[in-house]
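A.B. asks: pasting a predicted model and its sequence here:
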Amino acid sequence: MAKHSIKILRILPLLLTIYISSASDPSPLQDLCVANPSKPSGLAINGVPCKDPAKTVARDFKSSLLAKAGNTSNSLGSALTIATASSFPGLNTQGLSFARIDYSKGGIVQPHFHPRASEVLYVMKGTLVAGFMDTQNRLFEETVKEGELFVFPQGMVHFIQNLGDGPAVSLSSLNSQNPGAVLLAKTLFASKPTVPDTVLAKAFKISLHEVHSIQIGLSRP
(Lines give C-alpha, C1' and ligand atoms only; values in the text may rest on other atoms or scores of the structure.)
Protein backbone atom coordinates (compact mmCIF):
# COMPACT_ATOMS: atom_id res chain seq x y z
CA MET A 1 0.00 0.00 0.00
CA ALA A 2 2.84 2.38 0.90
CA LYS A 3 4.54 1.80 -2.47
CA HIS A 4 1.35 2.74 -4.31
CA SER A 5 1.02 5.90 -2.20
CA ILE A 6 4.61 6.92 -3.02
CA LYS A 7 3.96 6.41 -6.75
CA ILE A 8 0.82 8.57 -6.57
CA LEU A 9 2.71 11.33 -4.77
CA ARG A 10 5.43 11.23 -7.43
CA ILE A 11 3.02 11.68 -10.34
CA LEU A 12 0.70 14.13 -8.55
CA PRO A 13 2.67 17.25 -9.66
CA LEU A 14 2.48 16.04 -13.26
CA LEU A 15 -1.28 15.46 -13.01
CA LEU A 16 -1.78 18.93 -11.53
CA THR A 17 0.31 20.47 -14.31
CA ILE A 18 -1.78 18.71 -16.95
CA TYR A 19 -5.00 19.86 -15.27
CA ILE A 20 -3.91 23.48 -14.93
CA SER A 21 -2.64 23.66 -18.51
CA SER A 22 -5.95 22.28 -19.79
CA ALA A 23 -8.16 24.49 -17.61
CA SER A 24 -8.46 27.29 -20.15
CA ASP A 25 -10.06 27.89 -23.53
CA PRO A 26 -8.45 25.87 -26.35
CA SER A 27 -6.34 27.72 -28.91
CA PRO A 28 -8.00 28.34 -32.30
CA LEU A 29 -7.07 25.94 -35.09
CA GLN A 30 -7.75 28.34 -37.95
CA ASP A 31 -7.30 32.04 -38.71
CA LEU A 32 -10.93 33.09 -38.33
CA CYS A 33 -14.00 31.57 -36.70
CA VAL A 34 -16.62 34.29 -36.37
CA ALA A 35 -19.54 32.83 -34.43
CA ASN A 36 -22.63 32.03 -36.48
CA PRO A 37 -25.03 30.42 -33.98
CA SER A 38 -28.11 31.29 -36.06
CA LYS A 39 -27.14 28.77 -38.74
CA PRO A 40 -26.09 25.49 -37.10
CA SER A 41 -23.96 23.19 -39.19
CA GLY A 42 -22.18 19.89 -38.82
CA LEU A 43 -18.97 21.70 -37.86
CA ALA A 44 -18.62 23.55 -34.57
CA ILE A 45 -15.62 24.91 -32.68
CA ASN A 46 -16.03 25.44 -28.93
CA GLY A 47 -19.69 24.60 -29.42
CA VAL A 48 -20.36 27.55 -31.75
CA PRO A 49 -20.57 27.11 -35.54
CA CYS A 50 -18.30 29.28 -37.66
CA LYS A 51 -19.31 31.75 -40.28
CA ASP A 52 -17.95 30.95 -43.73
CA PRO A 53 -14.41 32.52 -43.67
CA ALA A 54 -14.90 33.70 -47.25
CA LYS A 55 -17.87 35.78 -46.08
CA THR A 56 -16.16 37.16 -42.97
CA VAL A 57 -15.71 40.95 -43.03
CA ALA A 58 -14.00 43.56 -40.86
CA ARG A 59 -17.21 44.63 -39.12
CA ASP A 60 -17.50 41.13 -37.62
CA PHE A 61 -14.62 42.15 -35.34
CA LYS A 62 -16.13 45.45 -34.17
CA SER A 63 -18.77 45.98 -31.49
CA SER A 64 -20.44 48.96 -29.80
CA LEU A 65 -21.97 46.86 -27.02
CA LEU A 66 -20.06 48.69 -24.30
CA ALA A 67 -20.50 52.21 -25.69
CA LYS A 68 -23.59 53.09 -23.65
CA ALA A 69 -23.95 53.31 -19.88
CA GLY A 70 -26.14 50.72 -18.19
CA ASN A 71 -29.18 51.46 -16.03
CA THR A 72 -28.10 51.49 -12.38
CA SER A 73 -31.56 52.12 -10.92
CA ASN A 74 -31.78 48.77 -9.17
CA SER A 75 -31.23 47.39 -5.67
CA LEU A 76 -27.48 46.85 -6.29
CA GLY A 77 -26.89 50.24 -7.86
CA SER A 78 -24.86 48.74 -10.70
CA ALA A 79 -25.32 47.59 -14.28
CA LEU A 80 -23.30 44.96 -16.13
CA THR A 81 -22.91 44.99 -19.91
CA ILE A 82 -20.88 42.05 -21.18
CA ALA A 83 -19.45 41.14 -24.57
CA THR A 84 -18.94 37.43 -25.16
CA ALA A 85 -18.84 35.28 -28.27
CA SER A 86 -22.62 34.97 -28.15
CA SER A 87 -23.11 38.75 -28.36
CA PHE A 88 -19.89 39.72 -30.17
CA PRO A 89 -19.22 36.96 -32.75
CA GLY A 90 -15.67 38.13 -33.49
CA LEU A 91 -14.61 36.95 -30.02
CA ASN A 92 -15.30 33.32 -30.86
CA THR A 93 -12.25 31.05 -30.23
CA GLN A 94 -10.19 34.00 -28.94
CA GLY A 95 -10.49 33.03 -25.28
CA LEU A 96 -11.70 36.50 -24.30
CA SER A 97 -14.70 38.29 -22.86
CA PHE A 98 -15.08 41.94 -21.97
CA ALA A 99 -17.44 43.74 -19.61
CA ARG A 100 -18.50 47.25 -18.68
CA ILE A 101 -19.88 47.97 -15.21
CA ASP A 102 -21.63 51.23 -14.34
CA TYR A 103 -22.14 52.16 -10.68
CA SER A 104 -24.33 54.71 -8.97
CA LYS A 105 -23.03 56.19 -5.71
CA GLY A 106 -22.65 53.29 -3.26
CA GLY A 107 -23.37 50.71 -5.97
CA ILE A 108 -21.90 47.21 -5.71
CA VAL A 109 -21.10 44.13 -7.74
CA GLN A 110 -22.27 41.38 -5.43
CA PRO A 111 -19.91 38.56 -4.31
CA HIS A 112 -19.44 36.03 -7.11
CA PHE A 113 -16.77 34.02 -8.89
CA HIS A 114 -15.92 32.95 -12.44
CA PRO A 115 -15.24 29.20 -12.68
CA ARG A 116 -13.46 29.45 -16.02
CA ALA A 117 -11.63 32.79 -16.02
CA SER A 118 -9.36 35.25 -14.29
CA GLU A 119 -10.48 38.88 -14.43
CA VAL A 120 -8.56 42.14 -14.79
CA LEU A 121 -10.49 45.18 -13.57
CA TYR A 122 -9.68 48.63 -14.97
CA VAL A 123 -11.23 51.71 -13.37
CA MET A 124 -12.23 54.15 -16.09
CA LYS A 125 -14.05 56.64 -13.87
CA GLY A 126 -14.34 57.12 -10.12
CA THR A 127 -12.89 55.25 -7.14
CA LEU A 128 -13.77 51.65 -6.29
CA VAL A 129 -13.01 49.18 -3.55
CA ALA A 130 -12.22 45.74 -4.99
CA GLY A 131 -11.52 42.57 -3.07
CA PHE A 132 -11.38 38.80 -3.23
CA MET A 133 -11.10 35.95 -0.74
CA ASP A 134 -8.84 32.92 -1.11
CA THR A 135 -9.47 29.36 0.09
CA GLN A 136 -7.95 30.24 3.47
CA ASN A 137 -10.63 32.93 3.94
CA ARG A 138 -8.05 35.71 3.63
CA LEU A 139 -9.43 38.98 2.26
CA PHE A 140 -7.36 40.88 -0.32
CA GLU A 141 -8.91 44.33 -0.64
CA GLU A 142 -7.68 47.56 -2.24
CA THR A 143 -8.95 50.98 -3.19
CA VAL A 144 -8.65 51.19 -6.97
CA LYS A 145 -8.60 54.64 -8.52
CA GLU A 146 -9.11 55.92 -12.05
CA GLY A 147 -6.49 54.46 -14.41
CA GLU A 148 -5.53 51.61 -12.03
CA LEU A 149 -5.88 47.84 -12.41
CA PHE A 150 -6.85 45.04 -10.03
CA VAL A 151 -6.73 41.28 -10.69
CA PHE A 152 -9.26 38.72 -9.50
CA PRO A 153 -7.65 35.24 -9.71
CA GLN A 154 -9.65 32.47 -11.35
CA GLY A 155 -12.26 30.86 -9.13
CA MET A 156 -11.84 33.32 -6.25
CA VAL A 157 -14.97 34.94 -4.76
CA HIS A 158 -14.77 38.69 -5.35
CA PHE A 159 -16.76 41.91 -5.08
CA ILE A 160 -16.61 45.59 -6.07
CA GLN A 161 -18.11 48.67 -4.44
CA ASN A 162 -18.27 52.31 -5.45
CA LEU A 163 -17.27 54.38 -2.43
CA GLY A 164 -16.76 57.61 -4.35
CA ASP A 165 -18.96 60.71 -4.23
CA GLY A 166 -20.52 60.09 -7.64
CA PRO A 167 -21.02 57.55 -10.43
CA ALA A 168 -18.19 55.23 -11.49
CA VAL A 169 -17.35 53.07 -14.49
CA SER A 170 -15.05 50.06 -14.79
CA LEU A 171 -14.02 47.73 -17.58
CA SER A 172 -13.09 44.08 -17.13
CA SER A 173 -11.23 41.64 -19.35
CA LEU A 174 -11.70 37.90 -18.75
CA ASN A 175 -9.57 35.16 -20.29
CA SER A 176 -12.43 32.95 -21.48
CA GLN A 177 -15.12 33.41 -24.07
CA ASN A 178 -17.52 31.76 -21.60
CA PRO A 179 -16.24 32.65 -18.11
CA GLY A 180 -19.46 31.87 -16.27
CA ALA A 181 -20.54 33.68 -13.10
CA VAL A 182 -21.74 32.09 -9.87
CA LEU A 183 -23.61 34.70 -7.80
CA LEU A 184 -23.35 33.44 -4.23
CA ALA A 185 -26.54 34.96 -2.84
CA LYS A 186 -28.74 33.83 -5.73
CA THR A 187 -27.03 30.47 -6.05
CA LEU A 188 -27.69 29.63 -2.40
CA PHE A 189 -30.99 31.37 -1.69
CA ALA A 190 -32.71 31.53 -5.08
CA SER A 191 -31.78 28.27 -6.80
CA LYS A 192 -34.39 26.22 -8.67
CA PRO A 193 -35.30 23.90 -7.04
CA THR A 194 -34.33 25.59 -3.79
CA VAL A 195 -31.63 24.47 -1.38
CA PRO A 196 -33.37 23.02 1.72
CA ASP A 197 -34.13 25.79 4.21
CA THR A 198 -32.69 23.75 7.07
CA VAL A 199 -29.35 23.47 5.27
CA LEU A 200 -29.16 27.24 4.77
CA ALA A 201 -30.23 27.96 8.35
CA LYS A 202 -27.57 25.69 9.83
CA ALA A 203 -24.82 26.76 7.42
CA PHE A 204 -25.33 30.48 8.05
CA LYS A 205 -26.43 30.10 11.68
CA ILE A 206 -29.67 31.95 11.08
CA SER A 207 -33.33 31.13 11.66
CA LEU A 208 -35.74 29.67 9.12
CA HIS A 209 -37.60 32.99 9.26
CA GLU A 210 -34.41 34.81 8.24
CA VAL A 211 -33.87 32.32 5.40
CA HIS A 212 -37.36 33.05 4.08
CA SER A 213 -36.79 36.81 4.40
CA ILE A 214 -33.62 36.59 2.31
CA GLN A 215 -35.38 34.45 -0.30
CA ILE A 216 -38.21 36.98 -0.58
CA GLY A 217 -35.74 39.85 -0.81
CA LEU A 218 -33.82 38.18 -3.66
CA SER A 219 -37.04 37.65 -5.61
CA ARG A 220 -37.45 41.43 -5.89
CA PRO A 221 -35.73 43.39 -8.70
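C.D. replies: Thanks, I have it. Numbering: from 1, shown residues only.
A.B. asks: only C-alpha atoms for contact and neighbour calcs from this point on.
C.D. replies: OK.
A.B. asks: go ahead and confirm Ser170 touches Tyr122.
C.D. replies: Yes: contact status for Ser170 versus Tyr122: in contact at 5.6 Å, counting by Cα atoms under 8 Å.
A.B. asks: let me see the contact set for Ser97.
C.D. replies: Ile82, Ala83, Thr84, Ala85, Leu91, Ser173, Leu174, Asn175, Ser176, Gln177, Asn178, Pro179 (Cα atoms under 8 Å, 6 or more residues apart in numbering).
A.B. asks: run the last query once more with 6 Å
C.D. replies: Going by Cα atoms under 6 Å, 6 or more residues apart in numbering, Ser97 touches Ala83, Thr84, Ser173, Leu174, Ser176, Gln177.
A.B. asks: now tabulate those residues in TSV and tack on secondary structure and neighbour count.
C.D. replies: Compiled in TSV, the contacts of Ser97 are given as follows (DSSP: H, G, I helix; E, B strand; the rest coil; neighbours: other Cα atoms under 10 Å):
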residue	secondary structure	neighbour count
Ala83	strand	20
Thr84	coil	20
Ser173	strand	19
Leu174	strand	22
Ser176	coil	26
Gln177	coil	24
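A.B. asks: give me the pLDDT for Cys33.
C.D. replies: At Cys33, the predicted lDDT confidence score is 82.
A.B. asks: right, and Val144 touches Leu128 too?
C.D. replies: Yes: at 5.2 Å, Val144 counts as touching Leu128 under the criterion of Cα atoms under 6 Å.
A.B. asks: and those two? Which one has more around it.
C.D. replies: Leu128 (24 against 20; other Cα atoms under 10 Å).
A.B. asks: that concludes my questions; thank you for your assistance.
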